[in-house]
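Q: here is my input, please return the structure:
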Amino acid sequence: MSEKSPPDSTEDLLGGAGDFPRISDLKPSLLGSALYSLVPVRRRIVMENLQQAFGDRVSESELRRLARCFYSHISKTIGENLAMMVSSERRIADQVDVFGVEHVLKAAEQNRGILILAGHFGNWELSAVAGMLRFKQYQNRFHVIRKRVGLGMEGVIFGRFRKAGLRVMRQTDALTKVFDALENNDAVIFIMDQHNVVGSKAVEVEFFGKKAGTNRSLALVARQSGAPVIPAVSYRRPDGRHVMNFHSPLEWISADHHRQEIYLNTLGYNRVIERFILDHPDQWLWGHRRWKLETQRPTRRRKRELKMGRR
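A: Now for the predicted structure:
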């Protein structure tokens, strides 16, 4: 563990996207610049997302610089993950500094389970595996909800998670599994920075000033279980080392109606993610179509519920 801990202020996290980083201080690698110019995978989406997040407050040249830094980050991540496949557990664990473990342990004293608010920050795969190896108290008691992958990649992608002590939940009957884990006072990780089709599982909530389909499951589970929500972020430092930082639990936002509570708390989660992105703007997944708003057509059962006045 490093001696110096990064700042931990939940109030600052909830401040949202008010401050902008010095993008001019970021230095793209030669490989990142080459990938940006010669292999423009999703470059248009990357630039559109950057424009949405930063708008006119950042110059066009700075946005292009940030895009090159993003491609630099992706190239480093790919190299690190390939190296991780042939590295020992000790070598993997030694690459990450873990902070804020005390927040997780203190939250566990409530005996309601723990909910982790997370996203695709830094090298999330390396940090998750290395962080778990450094966090021996909770090995095999952290669960993450992930989609099933095909083409024989299931074992390759999730095998190292399981070996490190990180349990993978399938999306089938996920809520039932989540509540079972919370009853055992385990921790469940919710990845909250991905697009979700608006409908039974997601609502329209502002993200960097624009409505985005956002999963409401974390707020629903937090409301029903009373489990604390702890934001967690990973990022790569300039020296190449990685940080996994658990913050103090977020305060639940109360409202007169449960739907308003779900919306307000989900909005709060998005603001936390915004803050994490602004702290390290080159290390988020800018190639994802986050603002791809679609509306899920209601099922027959859902139509009947709506007619009966159920929300």
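
Q: only C-alpha atoms from now on, for both contacts and neighbour counts.
A: Noted.

Q: can you give me the helices in the stretch 101-250 of the chain?
A: With helices called from DSSP state H, counting those that start in this stretch, the stretch 101-250 of the chain shows them at 101-108, 124-134, 154-164, 174-183, 217-225.

Q: so of those helices, which one's packed in deepest?
A: Neighbour counts (mean count of other Cα atoms under 10 Å) averaged over each of the helices of the stretch 101-250 of the chain peak at helix 124-134, with a mean of 23.

Q: quick one: mean pLDDT over that one.
A: Mean pLDDT, helix 124-134: 88.

Q: centre of the chain to that helix, how far?
A: 14 Å (Cα atoms, centre = their mean, to the nearest Å).

Q: just the CA coordinates for that helix, please, in PDB.
A: Taking Å, rounded to 0.1, in the frame of the first residue of the first chain, the C-alpha atoms of helix 124-134 are listed here in PDB:
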ATOM      1  CA  TRP A 124     -11.100  -1.800 -14.500                       C
ATOM      2  CA  GLU A 125     -10.300  -5.500 -15.100                       C
ATOM      3  CA  LEU A 126      -6.700  -5.300 -13.800                       C
ATOM      4  CA  SER A 127      -7.800  -3.100 -10.800                       C
ATOM      5  CA  ALA A 128     -10.700  -5.400  -9.900                       C
ATOM      6  CA  VAL A 129      -8.500  -8.500 -10.000                       C
ATOM      7  CA  ALA A 130      -5.500  -6.900  -8.200                       C
ATOM      8  CA  GLY A 131      -7.700  -5.000  -5.700                       C
ATOM      9  CA  MET A 132      -9.400  -8.300  -4.800                       C
ATOM     10  CA  LEU A 133      -6.100 -10.000  -4.300                       C
ATOM     11  CA  ARG A 134      -5.100  -7.100  -1.900                       C
END
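
Q: my guess is residue 262 contacts residue 221. True?
A: No. In this structure, residue 262 is not within contact of residue 221 by Cα atoms under 8 Å, at 9.9 Å.

Q: so in the protein, which helix runs the longest?
A: The longest helix of the chain (DSSP state H) is helix 60-84.

Q: that one packs against which elements?
A: Helices and strands touching helix 60-84, as assessed by 3 or more Cα pairs under 8 Å, 6 or more residues apart in numbering; DSSP states H and E, comprise helix 30-38, helix 43-54, helix 124-134.

Q: list the buried ones in it?
A: By neighbour count with 16 or more other Cα atoms under 10 Å, helix 60-84 contains the buried residues 63-74, 76-77, 84.

Q: next: stretch 32-49.
A: 32-33, 35-36, 43, 46-49.

Q: and these, which is closest to residue 252?
A: Closest approach between the buried residues of stretch 32-49 and residue 252, by Cα to Cα: residue 49, at 29.4 Å.

Q: how near is that closest one to residue 242?
A: 25 Å (Cα to Cα, to the nearest Å).

Q: give me the phi and psi for residue 275.
A: phi -60, psi -40 (degrees, to the nearest 10).

Q: okay, now residue 138: neighbour count?
A: 16 (other Cα atoms under 10 Å).

Q: so what's the closest residue to residue 237 other than its chain neighbours up against?
A: Computed as Cα to Cα, 6 or more residues apart in numbering, the closest residue to residue 237 that is not its neighbour in sequence is residue 243, at 7.4 Å. Counting by Cα atoms under 8 Å, 6 or more residues apart in numbering, residue 243 touches 96-99, 127, 233-237.

Q: for those residues, give me TSV that also has distance to residue 278.
A: What follows is the contacts of residue 243, written out as TSV (distance: Cα to Cα, whole Å):
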residue	distance to residue 278
96	21
97	21
98	21
99	20
127	19
233	12
234	13
235	12
236	14
237	15
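
Q: sort out which one of those lies nearest residue 292 for me.
A: residue 233 (24.0 Å).

Q: identify, from the buried residues of stretch 32-49, the entry nearest to residue 258.
A: residue 49 (31.4 Å).

Q: any idea how many residues pack against residue 146?
A: Residue 146 has 16 nearby residues by other Cα under 10 Å.

Q: my error: substitute residue 90 in the last question.
A: So residue 90, with other Cα under 10 Å, has 11 neighbours.

Q: please report phi then psi for it.
A: Dihedral angles (degrees, to the nearest 10) for residue 90: phi -60, psi -40.

Q: let me know the pLDDT of it.
A: 88.

Q: for the residue nearest to residue 237, give its distance to residue 118.
A: Distance, residue 243 to residue 118, by Cα to Cα: 14 Å.

Q: give me the common contacts of these two.
A: Shared contacts of residue 243 and residue 118, counting by Cα under 8 Å, 6+ apart, come down to residue 233.

Q: how far does stretch 253-261 stretch from start to finish?
A: Stretch 253-261 end-to-end distance (Cα to Cα) = 6 Å.
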